[in-house]
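Q: sequence and predicted structure are below.
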Protein chains: 2
Amino acid sequence: MRNPTIIWRGESNGYAELIDQTLLPGELRYIEIRTKEDMWDTIKRLAIRGAPAIGVAAAYGMVLGIQEFRGDGAAEFAIHVQNVAAYLGTSRPTAVNLFWALDRLKACQSEIASHSVADQVNALFDSAKLIETEDQEICSELGRIGAELVQEGDLLLTHCNAGALATSGSGTALSVMFHAKESGKQFRVFVDETRPLLQGARLTTWELMEAQIDATLICDSMAAHAMKTQGVSRVFVGADRIAANGDAANKIGTYGVAVAAKAHGVPFYVVAPQSTFDLSLACGDEIPIEERDPKEITEQFGTRTAPQGVQTWSPAFDVTPASFITGIVTEKGIISPVSREEVLRVLDP
Amino acid sequence: MRNPTIIWRGESNGYAELIDQTLLPGELRYIEIRTKEDMWDTIKRLAIRGAPAIGVAAAYGMVLGIQEFRGDGAAEFAIHVQNVAAYLGTSRPTAVNLFWALDRLKACQSEIASHSVADQVNALFDSAKLIETEDQEICSELGRIGAELVQEGDLLLTHCNAGALATSGSGTALSVMFHAKESGKQFRVFVDETRPLLQGARLTTWELMEAQIDATLICDSMAAHAMKTQGVSRVFVGADRIAANGDAANKIGTYGVAVAAKAHGVPFYVVAPQSTFDLSLACGDEIPIEERDPKEITEQFGTRTAPQGVQTWSPAFDVTPASFITGIVTEKGIISPVSREEVLRVLDP
């Protein structure tokens, strides 16, 4: 990867550098993150986003929080770890990878709670690094498995950014495209711009163009018309949290794409690692949906484009029911048809 | 109406004033239009837009073009009228009201071709004024008829702007809401922002707020999620051209709303005057669809938000097949079910 989304500098007393994605595609700038508060803010304002990347960022946020420990002894340290995790967990409510990563570090700490604090710090740092390297391997595996679904001559469509920028590796849905391209398949991609924050326009087109993939930017409202008139043949998207029955929360607008895909007989695939599944939730109705600041709709990157005082409604995510999903590509294989039974059979948790 | 969309000043040698809708909602500014070229440009750049308003603007554009006549005699005048109409017809290809208005003035001229040029000029001016006053009456009638469909407690949804700004009267789809409000019904409206030019965010919310109607702005990509989770009960939209079988071209994104409405069992109504029907077209596949400048997608009101050199696809309209439309509200009554037979029966052309 030319420009990793997130880089850890040094050992357990080091710091993170990550691309400020709010500046793309105009500017590629790395920012230094040296405190858990900085990491919280970076996640909150979407400078880093994408479910797997948020997981890695949260893990390194834990390491930063642990660096602040000035207390005495393992008992105090255990409480500190819990507090840092609780704090970071308030940054964004929907992406389950955030909580998955925090839980994993908390579990690691519990297992070695009798060791010295210095040993625990090192073990937690190793655990955070492992989350990152595993994410990279999983992205490759998602791409390899998903690329089998891409047919020569396909016109694909994607929504939001499920690319390298959304992970610490090659992405989820876009990893499928990168692998299909590397294997020599010819295909084109329609990219939904993804209002309000334009992750499709700003990030996905940029990644696809860097990879020499034939990408065309459209407005979200054009997807249904594209399916009707342009021969869209397959949809690939990522996910932020998937319930046990396969209902998948993803960026707002994904559900509308799924409804249109079903109406036009276009196969609709979700690409996501096992860490995106929340098997504690029976169905998607239980997934908490974050509401965003009205200004993201009313102020177009500096220009006011709606009347002062207008009411808005701005959910950051929606839930696509399993019945609209042709298959979920995971590193364990493809879940299809999408049902509770198949989720459990493929993931074998 | 507090702020008419278009005003004619003076007699047949007068000029037009119209609201520059590209400046709304930040600024309410009238611009003077004194030549047919200015009117062409004003239509092209969407300073005036909305099918019925374009019809009225084209009629007054004809009057402005006729003022330039310096030739000699009725034969030359007839050719001049044809030329002005041909010129104005190149401004926007989809809205049939444009051609309907031009054809009506050409027919008027043909009927009185033996009269003096001065008499013909006056007759054409009267004809243009009649198009305007008829449009105002038709808007009221559309509102009166359509308001019967609005139920107490409804959550309506609309796309783009089919309001007073889209006509010389009270609008089409929004006229329905204005009349329902006046009759004392309580309801709320979700307004799609309508990318790329944000007519919903800029114009529709403004009109509804002025009328004290409870309006909430959403991104286009939220409409399907709103239908699934918020109880949207009815959709009202305008149209730019309707084929003989009821297939309706309207602002890009309308078709996606219709697909989502059908999937959720939400009644979907088109509100449009008879002049929006093009009975020469058997179905919507024959409606020409205008493509817009890529910059409307890639440059968000001054800020570049997509990589340089990105490919775009930007159809200005899409076609909603009759099978997705619950009913078409016209000044002659409601066409429902929507079929060629019902179109002809209700319009009785």
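A: Great, that's in hand.
Q: can you list the neighbours in contact with the helix or strand that contains residue A:344?
A: Per DSSP states H and E, residue A:344 falls inside helix A:340-347. Contact with helix A:340-347 is made by A:242, A:244-246, A:274, A:277, A:279, A:328, A:330, A:332-336, as judged by C-beta atoms under 8 Å, 6 or more residues apart in numbering or on different chains. C-beta coordinates here come from the backbone N, C-alpha and C atoms, glycine included.
Q: top of these by neighbour count?
A: With neighbours defined as other C-beta atoms under 10 Å in any protein chain shown, the most crowded of the contacts of helix A:340-347 is residue A:242; it has 34 neighbours.
Q: ok, that one touching residue A:249?
A: Yes. Using C-beta atoms under 8 Å as the test, residue A:242 is close enough to residue A:249 to be in contact (7.3 Å).
Q: return the set of buried residues in the helix holding residue A:344.
A: In terms of neighbour count (16 or more other C-beta atoms under 10 Å in any protein chain shown), helix A:340-347 has its buried residues at A:342, A:343, A:346, A:347.
Q: likewise stretch A:176-190?
A: By neighbour count on 16+ other C-beta under 10 Å, the buried set for stretch A:176-190 is A:176, A:177, A:178, A:179, A:180, A:181, A:187, A:188, A:189, A:190.
Q: output the below-cut-off pLDDT ranges for chain A.
A: A:1 (pLDDT under 70).
Q: try it again with 90
A: Filtered on pLDDT under 90, chain A yields the residue ranges A:1-3, A:93-95, A:300-303, A:349.
Q: domain ranges for it, per the record?
A: A:6-139, A:146-347 (automatic domain parsing).
Q: now, of the ones you listed, which is deepest in the fold?
A: Each of those was scored by mean neighbour count; the highest is domain A:146-347, a mean of 22, by mean count of other C-beta atoms under 10 Å in any protein chain shown.
Q: end to end, how far does that domain reach?
A: By C-alpha to C-alpha, to the nearest Å, the extent of domain A:146-347 from end to end equals 16 Å.
Q: helix or strand right after the longest helix along chain A?
A: Ordering each helix of chain A by length in residues (DSSP state H) puts helix A:117-147 first. Later in the chain than helix A:117-147, the nearest helix or strand by DSSP H and E is strand A:154-158.
Q: parallel or antiparallel, which strands does that next one pair with?
A: Applying DSSP bridges to the sheet, strand A:154-158 is found paired with strand A:187-192 (parallel), strand A:234-237 (parallel).
Q: the helix or strand just after the first one vs chain B: in contact?
A: Going down the chain from strand A:187-192, the next helix or strand is helix A:199, by DSSP H and E. No. Counting by C-beta under 8 Å from any C-beta of the partner chain, chain B is not contacted by helix A:199; separation bottoms out at 10.5 Å.
Q: before we move on, back to that, same list (the strands paired with strand A:154-158) but as a markdown table, adding distance to residue A:220.
A: Supplementary listing: those in a markdown table, determined by distance: least, C-beta to C-beta, whole Å:
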| stretch | distance to residue A:220 |
| --- | --- |
| strand A:187-192 | 5 |
| strand A:234-237 | 12 |
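Q: so for residue A:40, which of those strands sits nearest?
A: strand A:234-237 (26.8 Å; C-beta to C-beta).
Q: excluding covalently adjacent residues, which one is nearest to the residue in the stretch 101-250 of chain A that chain B sits nearest to?
A: When scored by C-beta to the nearest C-beta, the stretch 101-250 of chain A has residue A:221 as its residue closest to chain B, at 2.8 Å. Once flanking residues are discounted, residue A:221 sits nearest to residue B:253: 2.8 Å by C-beta to C-beta, 6 or more residues apart in numbering or on different chains.
Q: gap between the one you found and residue B:217?
A: Using C-beta to C-beta, to the nearest Å, residue B:253 is found at 14 Å from residue B:217.
Q: quick one: distance of the longest helix of chain A to the chain centre.
A: Here helix A:117-147 shows a centroid-to-chain-centroid distance of 15 Å under the convention C-alpha atoms, centre = their mean, to the nearest Å.
Q: next one: stretch A:267-277
A: On C-alpha atoms, centre = their mean, the centre of stretch A:267-277 falls 10 Å from the chain's centre.
Q: could you give the bridge partners of residue A:33?
A: Residues in beta-bridge contact with residue A:33 (DSSP bridges): residue A:16.
Q: contacting residues for it?
A: Residue A:33 neighbours (C-beta under 8 Å, 6+ apart): A:15, A:16, A:17, A:18, A:39, A:42, A:60, A:61, A:64.
Q: related to what we said a few turns ago, of all the strands paired with strand A:154-158, which one is nearest residue A:228?
A: Taking the strands paired with strand A:154-158 one by one with C-beta to C-beta, strand A:187-192 is closest: 12.6 Å.
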